[in-house]
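J.: Any chance you can model this:
(one chain, ligands or ions: 1)
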Amino acid sequence: MATGDRKKIIIDTDPGIDDAMAIFVALKSPEVDVIGLTTIYGNVYTALATRNALHLLEVAGRTDIPVAEGTHKTILNGTKLRVADFVHGKDGLGNQNFPPPEGKPIEKSAPEFLVEQAKLYPGEITVVALGPLTNIALAVQLDPEFSKNVGQIVLLGGSFAVNGNVNPASEANIFGDPEAADIVFTCGADIIAVGINVTHQVVMTADDRDKLASSNGKLAQYLCKILDLYYSYHLDAYEIKGVYLHDPTTIIAAFLPSLFTYTEGVVRVQTDGITRGLTLLYNNQKRFEEETEWSDKPSVKVAVTVDAPAVLKLIMDRLMES
Ligand SMILES: O=c1[nH]cnc2c1ncn2[C@@H]1O[C@H](CO)[C@@H](O)[C@H]1O
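T.: This next block holds a predicted model:
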């Protein structure tokens with residue numbers, strides 16, 4: 001596929017074991033041109049996310065791709081962040097303690113880079129958001145035109161009509177910054193939300209990992225090293241011998257949306273109380289008597305079903321070719 005025909009994507013990421021898989025899948029997919037990575041806290045703190053993003057690009061031989069560092073705080077300037085190092089390891093990459101990268105992030109911050117690129121290529125950029133939505137909300141606040149300029153935002157977040165993974169109410173990326181998530185869901189951009197109601201259906205089994213390990217691909221070999229911890233976490237937390245492919249599935253939704261079905265409606269995020277971080281979709285099936293917090297807000301698309309075997313096969317194929 002000629003570079004001009006490829007979908008330009010920026011991945012906002014908190015690497016993260018499944019982020020590493022997602023970044024590699026994107027780099028090996030001819031349908032997309034990764035024009036930048038922006039970093040955010042979530043699976044690790046932002047400084048480590050930046051280090052890991054640079055490291056992963058070096059592993060993949062793609063140091064031509066810029067990395068813009070994101071914010072270290074929530075949208076309300078909170079510094080007490082929830083970081084999931086118990087899922088991904090202290091280093092975010094399965095406790096492998098890789099040497100530091102040689103590269104450096106660019107001068108521009110993540111929100112500045114997002115605003116700049118969306119302005120430069122109006123309607124053409126897809127932002128794939130794999131962590132808490134703070135950078136994207138900051139971009140919305142920085143430039144009132146951002147939500148119009150950006151082509152699409154495909155985000156991993158929410159747990160629509162199922163339990164969360166931080167607590168029964170809340171999924172990790174939304175829980176990380178619920179106020180930012182609410183800004184993004186209601187900003188008016190073209191949004192696809194892929195929640196864990198969908199990503200929990202895309203499981204890489206232990207057999208799949210063995211298949212990956214048997215391929216000679218350099219990236220496949222690298223991933224097999226970092227995946228061990230992710231498998232033990234899933235066995236421990238969910239009693240399954242497999243791992244959920246949250247981030248790689250979201251990357252696939254960005255360029256092959258036909259492998260999913262969607263519903264549409266207004267999504268608001270609970271920011272208070274015991275259900276802080278809950279995502280609630282208004283399905284348009286009733287006209288309420290009173291004005292609600294969902295009234296007159298823009299609709300988004302929310303993924304409902306996924307062709308899980310097709311998504312898994314695509315992820316495996318791309319990683320084994322590598
Ligand atoms: O139990 C968990 N707590 C926090 N984060 C998690 C947990 N399980 C998975 N993830 C991470 O959060 C995103 C999907 O919600 C994914 O990036 C996944 O790696």
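
J.: for the stretch 51-200 of the chain, what spans make up the strands?
T.: Secondary structure of the stretch 51-200 of the chain, counting by DSSP state E, counting those that start in this stretch: strands at 67-68, 125-129, 152-156, 191-194.

J.: can you tell which of these is closest to G217?
T.: strand 125-129 (22.1 Å; Cβ to Cβ). The way it works is simple: take the backbone N, C-alpha and C, and place the C-beta from them, glycine included.

J.: And that closest one, what does it pack against?
T.: strand 7-13, helix 110-120, helix 134-142, strand 152-156, helix 246-255 (3 or more Cβ pairs under 8 Å, 6 or more residues apart in numbering; DSSP states H and E).

J.: Just the CA atoms of the helix or strand following the first one, as PDB, please.
T.: Counting by DSSP states H and E, the element after strand 7-13 in chain order, helix or strand, is helix 17-27. In PDB, the C-alpha atoms belonging to helix 17-27 read as follows (Å, rounded to 0.1, in the frame of the first residue of the first chain):
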ATOM      1  CA  ILE A  17       2.700  -5.100  27.800                       C
ATOM      2  CA  ASP A  18      -0.400  -5.100  25.700                       C
ATOM      3  CA  ASP A  19       0.600  -1.600  24.500                       C
ATOM      4  CA  ALA A  20       3.900  -3.000  23.200                       C
ATOM      5  CA  MET A  21       1.900  -5.600  21.300                       C
ATOM      6  CA  ALA A  22      -0.400  -2.900  19.900                       C
ATOM      7  CA  ILE A  23       2.400  -0.700  18.800                       C
ATOM      8  CA  PHE A  24       4.100  -3.600  17.000                       C
ATOM      9  CA  VAL A  25       0.900  -4.700  15.300                       C
ATOM     10  CA  ALA A  26       0.400  -1.100  14.100                       C
ATOM     11  CA  LEU A  27       4.000  -0.900  12.800                       C
END
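
J.: is helix 17-27 anywhere near the ligand?
T.: Yes: Helix 17-27 reaches the ligand (Cβ under 6 Å from any ligand atom) through D18.

J.: what are the pairing partners of the helix or strand following that helix, and which direction each?
T.: Per DSSP H and E, the first helix or strand lying C-terminal to helix 17-27 is strand 32-39. When pairs are called by DSSP bridges, strand 32-39 turns out to pair with strand 7-13 (parallel), strand 67-68 (parallel).

J.: where does this protein have its least confident helix or strand?
T.: In the chain, the helix or strand scored least confidently by mean pLDDT, DSSP states H and E is helix 85-88, which has a mean of 93.

J.: Give me the residues contacting that helix.
T.: G16, I17, N43, V44, G92, G94, L229, Y230, Y233 (Cβ atoms under 8 Å, 6 or more residues apart in numbering).

J.: returning to that earlier point: mind putting the strands of the stretch 51-200 of the chain into TSV with mean pLDDT, mean neighbour count and distance to the ligand?
T.: Output for the strands of the stretch 51-200 of the chain, formatted as TSV (pLDDT from 0 to 100; neighbours: other Cβ atoms under 10 Å; distance: least, Cβ to the nearest ligand atom, whole Å):
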stretch	mean pLDDT	mean neighbour count	distance to the ligand
strand 67-68	98	26	18
strand 125-129	98	25	11
strand 152-156	98	27	6
strand 191-194	98	26	10
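
J.: can you tell me if stretch 278-288 touches the ligand.
T.: No: using Cβ under 6 Å from any ligand atom, stretch 278-288 never reaches the ligand; the gap is at least 11.7 Å.

J.: follow-up on the earlier one: tell me which of the strands paired with strand 32-39 sits nearest to P30.
T.: strand 7-13 (10.4 Å).

J.: So what angle separates the directions of that closest one and helix 134-142?
T.: Interaxial angle of strand 7-13 relative to helix 134-142 (axes from the mean of the first three to the mean of the last three Cα atoms, to 10 degrees): 110 degrees.

J.: What residues does the stretch 1-150 of the chain have near the ligand?
T.: Residues of the stretch 1-150 of the chain lying near the ligand (Cβ under 6 Å from any ligand atom): G16, D18, N43, A84, V87.

J.: quick one: pLDDT of the second one?
T.: Spelled out, it's D18. With respect to pLDDT, D18 has a value of 96.
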